[in-house]
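> Below is the sequence, then the predicted model.
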Amino acid sequence: MLKSKHLIGLENFPVSDLNKIIDTSFKFKEILESPSRKAILLKGKTIVNMFFENSTRTKISFTLAEKRLGADSINFSTSTSSVKKGETLKDTIQNIDAMKIDGAVIRHGHPGSALKLTEYIDGAVINAGDGSHEHPTQAILDMVTLKEKFGKIKNLKVGIVGDILNSRVARSDIFALKKLGAQIVVCGPSTLLPSNAGQLGINVTHNIDEVLGWCDVVIGLRIQLERMHLGRIPSKREYHSEFGLTYERISKLKKDIVIMHPGPMNRGVEIDSKIADSENAVILDQVLNGVASRMSILYLLLADKSEQI
Amino acid sequence: MIRNKSAKKLLLKGGRIIDPFSKKTFIGDMLIENGIISNIADSISYRGKNYNVVDCKGLIVTHGFCDIHVHFREPGAEDKENLKSGSTAAIAGGFTQVCTMPNTDPTIDTPEHVHYIKSKSSKLPVEIFPIGAISKNLQGEHLTEMMLMKKNGAIAFTDDGMPIQNPQFMSLALRYAKMINVPILNHSEDVHLRNDGVMNASKTSSNLGLKGNSSLAEAMMVYRDLLLASSTGSRLHILHVSTKLAVDLIKQFKKNDGLITSEVSPHHLYFTDEDIDEFNTNLKVGPPIRGKADRKKLIEGIKSGLIDCIATDHAPHTIEDKETTFNDAAFGMIGLESCFGAVNKVLVKNNGMSLKSLIEKLTVNPRKVMNIKSDLFQIGEKAQVTIFDANEKWAFSRKDIYSKSSNSPFLGEEMVGKIKYVVSKSKIYTL
């Protein structure tokens, strides 16, 4: 099925595995759009969803993907678990593993937590976001959305705008896009860009109009409002004025560009409502593709060889 | 009031024209029509023409000076100075452009405040470039909207008067400003090490029983700022360098890329802390007037070009602010009107600097620091011209002051070199 046993990050993920997941996602999308919406390919498999950090769409997306595949899934979140009683990550996970699970989906605030998990459990580990490190399933659903929209990713001009420094989505998107041959320009205030951006082999600009004039598609990132209190951006107003995907900016472009956003959005800060809800926005397609992509990932990592889609 | 006339048809006749941008010097004439330079030549005939001819024989005709460090106190302390009185003082000093500091009340920390200064100053005799605050209310915690402020006319950013102590915040500010290619100006002083000092920490401060502000307070912060700016590749301008230590550090870090710049104030070049022997509060200033070795190093630094420019740090205070004990007196002194006579005396007459070099430090160099156009003697350019007698000796007195305040330690000092005329914003001012 795949060369990889886990999906921890895309930086070192084989491109053949990445392409296989993307291609298979389209098959699952067909299934999701069919009347049954199900493909019982993971019958008898147990998956635990461990969310140490809040999540709406990723958690629901994984849960739904697991149900559509007929797996048994268990949800675990910090607020209702023994983590609150002081149990260590290692103990929590080994206890869960002792209950014989086939796969684990983990969201955690610390970079490296998903990789750490692979040391403690036998099953497949899927990273659903580890701090500011990676969010590979989001990047995969973004690739599926791009491929669906453009037919290919090679040479596609992709602008990524926002808090690149703290964004796991940006990192995973950049790794995936580079593997697949897209051109990337990142844009944001200098205080929210990695100081070594040049070394990552990507172009950097602080001029959003330049990016919008160049790109085929722009990925807007959520600006975490707490960054303002850390002094990295002065105000919502300045951010919106200088880096926002505003109607004023986008409507004056001489071409159509596709608008993506991983959510949750701060409407009126990084993106205007008029843009988020416009015809060129594929933000809700991304959500449905998220379920299809996660079905594809779970299937390829966990299904028995006999289970053919 | 300074007498002024419209520069509708103005012929500056027979002066020594020194153009510090093209580095050309020649005896010649300059014709200004409707405030615009329309001709510069060895000789321009005025026969049959209705020109206002100004005899510049024996005088130097050069670019209008630019002071990148003035406090005009508006809004909030208009009893000390306002934009209008400050502008008149600037004209008296030969300045046609000034950059105003943001530590007013309220602080110039929003685009709206910048816009206020810009619009309020549009009709004044000199061009005013507001400098915006780096942090909201000069608290050193939250960045201001630098991008929007720049769009409204802010030329640079500083928390002058409230040195930024948090190095992480300073680093963020440098990076944010780099994005819009404007300099960060820091009043580099460690407030803990400053230790509430009211004058330079020295033998004099010990003898007078006054609390000393050590050179280290400046040097430590200059070093920090140089390290931070070098690592981020940002533009850093060090305000009012006062110590030998700081000059040595700048020498270590300054490269040819124009990213690191600095200024020195006339009072630091002119006085030493030994002049404070009678608790003269007009000599109380931050950073303090330093010792002989510091002064010598500053003179060397400005002569060699290591220090880029001269800036007055014109800081008006009321009589009440200064007519008190040295401890209680406010920091700062006015400096626009006395600038040229003082620096020309110290640098050119007493320390062998060339007049052309001094002119650069008052014209081209400060404009470069601030990204202000410095190629002024072009046909079609709005005339900004300062005309002075380089050798006239005179004593600086109250009648020479146009500022609302008169807190100057130069009162009674003999000056060398006197401003005679200034052309600015379509008018000629006769001093």
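Done, it's in.
> Once you drop chain neighbours, what's closest to B:Phe396?
Closest residue in space to B:Phe396, ignoring its immediate chain neighbours: B:Phe410 at 4.6 Å, by Cβ to Cβ, 6 or more residues apart in numbering or on different chains. C-beta here means a position set from N, CA and C on the backbone, and glycine is covered the same way.
> What distance do you get for the one you found to chain A?
40 Å (Cβ to the nearest Cβ, to the nearest Å).
> For my notes, confirm that residue occurs in a helix.
No. Assessed with DSSP: H, G, I helix; E, B strand; the rest coil, B:Phe410 is coil; it does not lie in a helix.
> Who are the contact partners of it?
B:Phe410 makes contacts with B:His267, B:Tyr270, B:Ser338, B:Gly341, B:Ala342, B:Phe396, as judged by Cβ atoms under 8 Å, 6 or more residues apart in numbering or on different chains.
> what does B:Pro163 give?
Counting by Cβ under 8 Å, 6+ apart, B:Pro163 makes contact with B:Asn186, B:His187, B:Ser188, B:Glu189, B:Asp190, B:Val191, B:Met221.
> got a list of what the second one touches?
Contacts were defined as Cβ under 8 Å, 6+ apart; by that measure B:His187 touches B:Thr158, B:Asp159, B:Asp160, B:Gly161, B:Met162, B:Pro163, B:Leu239, B:His240, B:Gly286, B:Pro287.
> Output the set of residues of chain B in proximity to chain A.
Within chain B, the positions near chain A by Cβ under 8 Å from any Cβ of the partner chain are B:136, B:141-148, B:168-169, B:172, B:175-176, B:178-180, B:232.
> if we go to 7 Å?
With Cβ under 7 Å from any Cβ of the partner chain as the criterion, chain B meets chain A at residues B:141-148, B:169, B:172, B:175-176, B:178-179.
> Mark which of the residues you listed are buried, thanks.
B:142-148, B:169, B:172, B:175-176, B:178-179 (16 or more other Cβ atoms under 10 Å in any protein chain shown).
> And those, which two are furthest apart?
Within those, B:Leu148 and B:Phe169 form the most distant pair, 19.5 Å apart (Cβ to Cβ).
> And for the residue of the stretch 1-150 of chain A found nearest chain B, the neighbour number?
Going by Cβ to the nearest Cβ, chain B is nearest to A:Ser132 of the stretch 1-150 of chain A, at 17.3 Å. By other Cβ atoms under 10 Å in any protein chain shown, the residues close to A:Ser132 number 17.
> With A:Lys85 instead?
A:Lys85 is flanked by 6 other residues according to other Cβ under 10 Å.
> what's the distance between it and A:Asp91?
As for A:Lys85, its distance to A:Asp91 is 11 Å (criterion: Cβ to Cβ, to the nearest Å).
> cool, and A:Thr246?
For A:Thr246, the distance to A:Asp91 - Cβ to Cβ - is 49 Å.
> ok, these two, which is more surrounded?
Using other Cβ under 10 Å, the more surrounded residue of A:Thr246 and A:Asp91 is A:Thr246, with 19 against 13.
> Just the buried residues of stretch B:271-280, please?
Neighbour counts over stretch B:271-280 (16+ other Cβ under 10 Å) mark B:Phe271, B:Thr272, B:Asp273, B:Ile276 as buried.
> Oh, that last question was meant for stretch A:302-309, not what I typed.
A:Leu302, A:Ala303, A:Glu307.
> now those in TSV, with pLDDT?
Below are the buried residues of stretch A:302-309 laid out as TSV (pLDDT from 0 to 100):
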residue	pLDDT
A:Leu302	96
A:Ala303	95
A:Glu307	86
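> Show me where chain B has its helices.
For chain B, the helices defined by DSSP state H occupy B:83-92, B:111-120, B:146-151, B:167-179, B:191-194, B:203-208, B:215-232, B:244-253, B:266-270, B:292-304, B:319-322, B:339-343, B:355-362, B:364-369.
> which residues touch the third one?
By that I understand helix B:146-151. Where contact means Cβ atoms under 7 Å, 6 or more residues apart in numbering or on different chains, the residues beyond helix B:146-151 that reach it are A:Pro234, A:Glu238, A:Ser241, A:Glu242, B:Pro111, B:Val114, B:Gly132, B:Phe157, B:Tyr176, B:Ala177, B:Ile180, B:Val182.
> Which of the three states applies to the nearest residue to A:Phe62 once chain neighbours are set aside?
With Cβ to Cβ, 6+ apart as the criterion, A:Phe62 has its nearest non-adjacent residue at 5.1 Å, and that residue is A:Val105. Secondary structure, three-state DSSP: A:Val105 is strand.
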